[in-house]
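Undergrad: model the following, please.
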Amino acid sequence: MSEKNRDGKRTARERLAVEREKQKAGERRRRTLIVAASVVCVLGLAAIIGVVAANAGKDDGSDSAGPVVAPSGAQGKDALAIPVGEDDAKSTLTVWEDFRCPACKGFEDAYRSTLHELTEAGKLKVEYHLVTLIDGNMGGTGSRNAANAAACAQDAGKFPAYHDVLFENQPPEPDDAYAKNSKLIELAAKVDGLDTPAFRTCVEDGTHNSWVAKSNEAFQKGGFTGTPTVLFNGKNIYADRTMTPAKLKQMVEEAAQG
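TA: Below is the predicted model:
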């Protein structure tokens, strides 16, 4: 065999060996990438599981924890209504309200003096049902905490006055100021005799939180579309665009006359 042929065969073998080495190196890189990717996936999954586990242990502000403790004097099905006025009044106004709800404040501002006049005269009974609609829509716990505080005020026999104070001092809807118990206690000072150790403990412990949650559940099951929902002797009157405080007063007066 000529020297030239030997050199050609040797060069061909060397090229083949180099190519095989390249293939082996490529295979090693591929296996390394697969292992690395698997590690990343495992680590990513572990991180996700860790986040889920961490969140599972956090307080999510659930309203339903703890026993259902109705406020003193609550009436109706499941004791979900706080009554104002005489039980034997000829007319009953059922009001579903959220202390963070601007429309509820608008209703209260317009009708407050008329409702006071009619309840104090024994002609109208108002049954207040407390709702946490804004908490659900915008987040936060101000609706719940304010409702709990109002129930605490009911325990102290101060619900009507504190109810009015909460609406008169309602923060802007995006501002969840009522989530702070300190704010709710601060406002209690505007009601004579309400700011007591018993009231503070009731507010800070969320004594009636589960009751508030049950009230809100009843609202949802009732098929109502929003707050306020106002029923006069069972008929929805808030949706009546012709309704005014004067018209409501006339309706109550007519019912009182029999």
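Undergrad: which residue ranges of the protein form helices?
TA: Listed in chain order, the helices of the chain (DSSP state H) span 3-56, 102-120, 133-138, 142-155, 159-168, 181-188, 197-205, 209-221, 245-256.
Undergrad: among the ones you listed, which gets the worst mean confidence?
TA: Per-stretch mean pLDDT for these is lowest at helix 3-56 (a mean of 43).
Undergrad: isn't Arg112 up against His163?
TA: No - contact criterion Cβ atoms under 8 Å: Arg112 and His163 do not qualify, at 9.7 Å. To be clear about C-beta, it is placed using only N, CA and C from the backbone, and glycine gets the same treatment.
Undergrad: out of those two, which sits in the busier spot?
TA: His163 (25 against 15; other Cβ atoms under 10 Å).
Undergrad: excluding chain neighbours, what is closest to the more buried one?
TA: Ala150 (5.7 Å; Cβ to Cβ, 6 or more residues apart in numbering).
Undergrad: check contacts around the residue most central in space within the chain.
TA: Residue closest to the mean C-alpha point of the chain, counted by Cα atoms, centre = their mean, is Asp135 at 2.8 Å. Residues near Asp135 by Cβ atoms under 8 Å, 6 or more residues apart in numbering: Arg100, Thr141, Gly142, Ser143, Arg144.
Undergrad: for Ile185, same thing?
TA: Ala149, Asp195, Phe199, Arg200, Val203.
Undergrad: neighbour-wise, give me the winner out of those residues.
TA: Counting by other Cβ under 10 Å, top hit in the contacts of Ile185: Ala149 with 30 neighbours.
Undergrad: now do the closest residue to that one other than its chain neighbours against Ala177, distance only.
TA: Leaving aside its sequence neighbours, Ala149 sits nearest to Leu184 (Cβ to Cβ, 6+ apart; 4.2 Å). Counting by Cβ to Cβ, to the nearest Å, the gap from Leu184 to Ala177 is 9 Å.
Undergrad: higher neighbour count, the two?
TA: Neighbours were tallied for Leu184 and for Ala177 using other Cβ under 10 Å; the higher tally belongs to Leu184 (27 against 18).
Undergrad: for the more buried one, list the residues it contacts.
TA: Asn145, Ala146, Ala149, Leu166, Tyr178, Val203.
Undergrad: can I get those in JSON lines with distance to Lys125?
TA: Output for these, formatted as JSON lines (distance: Cβ to Cβ, whole Å):
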{"residue": "Asn145", "distance to Lys125": "27"}
{"residue": "Ala146", "distance to Lys125": "23"}
{"residue": "Ala149", "distance to Lys125": "23"}
{"residue": "Leu166", "distance to Lys125": "21"}
{"residue": "Tyr178", "distance to Lys125": "27"}
{"residue": "Val203", "distance to Lys125": "27"}
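Undergrad: what's the most distant pair in those residues?
TA: Leu166 and Val203 (12.1 Å; Cβ to Cβ).
Undergrad: give me the common contacts of the two.
TA: Shared contacts of Leu166 and Val203, counting by Cβ under 8 Å, 6+ apart, come down to Ala149, Leu184.
Undergrad: Asn216: how many residues sit nearby?
TA: Residues within reach of Asn216, counting by other Cβ under 10 Å, total 25.
Undergrad: that one - nearest residue in space that isn't next to it in sequence?
TA: Distances taken as Cβ to Cβ, 6+ apart place Thr132 nearest to Asn216, at 4.6 Å, with adjacent residues excluded.
Undergrad: that neighbour contacts Phe99, doesn't it?
TA: No - at 9.1 Å, Thr132 and Phe99 do not qualify as touching, with contact defined as Cβ under 8 Å.
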